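Novice: Got a predicted structure plus its sequence, pasted below:
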Amino acid sequence: AQSVSQHNHHVILSEAASLELGCNYSYGGTVNLFWYVQYPGQHLQLLLKYFSGDPLVKGIKGFEAEFIKSKFSFNLRKPSVQWSDTAEYFCAVNRGGGADGLTFGKGTHLIIQP
Amino acid sequence: GAVVSQHPSRVICKSGTSVKIECRSLDFQATTMFWYRQFPKQSLMLMATSNEGSKATYEQGVEKDKFLINHASLTLSTLTVTSAHPEDSSFYICSTPRGDTEAFFGQGTRLTVV
């Protein structure tokens, strides 16, 4: 079975700072990788995903993530954060080739201070 | 707008009673629905997968007689927590895949058993 580890449970940054949230997964086969965001009181929303191809994936709201297969990592980055990025961020994985349920990390609570 | 509508958003019930949570797909047919549970400061954990017209598939450690899942139509899946105990208090979220690359989530149900 696959598992997902998010290294940072709480992150506090100032506006305009750069962001990198770590995510590592364990699974020997082909995987699909996701980052979801949950703003207070709202649904989980997809930020970006990786299925195949270019390992550098660009998502919505200026986020990007890089899949490094040798490191089993899929870190999320944003060069300059905004106060509105305050939210919970979840890394998730499922097995490649199918619409399986997702395995989530524990989430990272990001707080951006104005 | 919301693709999956989940109700109720919050529910408080007494120990020993049953609670039903509904998830409706709003503008498409959801043949598959995933049900997740999230304890405080923990990951979302996949509980079960339901497919319209067939029995749900439960993850290891999830009691199928306690968490009854019904997916009788292509737009409605329900999760019933039977004989609820305080340790069932959690955040329950449904999700349905759309195509091979996307999953849409309900807004979640906060269950408190007193």
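Specialist: Done, it's in.
Novice: Who does B:Ala48 form a beta bridge with?
Specialist: Beta-bridge partners for B:Ala48, by DSSP bridges, are B:Trp35, B:Tyr58.
Novice: Contact partners for A:Gln113?
Specialist: Contacts of A:Gln113 were listed using C-beta atoms under 8 Å, 6 or more residues apart in numbering or on different chains, and they are A:12-15, A:83. (Each C-beta comes from the backbone N, C-alpha and C, glycine too.)
Novice: To clarify, my last question referred to B:Thr57.
Specialist: When contacts are counted by C-beta under 8 Å, 6+ apart, B:Thr57 is found next to B:48-51.
Novice: same thing but at 10 Å, please
Specialist: Contacts were defined as C-beta atoms under 10 Å, 6 or more residues apart in numbering or on different chains; by that measure B:Thr57 touches A:101, B:48-51, B:64, B:69.
Novice: Kindly list the main-chain dihedrals of B:Lys66?
Specialist: Note on B:Lys66: its backbone torsions stand at phi -90, psi -40 [degrees, to the nearest 10].
Novice: Quickly check the contacts of B:Thr57 for the two that are furthest apart.
Specialist: Farthest pair in these (C-beta to C-beta) is A:Gly101 and B:Lys64. Separation: 15.7 Å.
Novice: and the two? which has more neighbours close in?
Specialist: A:Gly101 (25 against 13; other C-beta atoms under 10 Å in any protein chain shown).
Novice: Show me the residue at the heart of chain B, geometrically.
Specialist: The C-alpha lying nearest the average C-alpha coordinate of chain B belongs to B:Trp35 (C-alpha atoms, centre = their mean; 4.0 Å).
Novice: what's the answer for chain A, then?
Specialist: When chain A is reduced to its mean C-alpha position, the closest residue under C-alpha atoms, centre = their mean turns out to be A:Trp35, at 3.3 Å.
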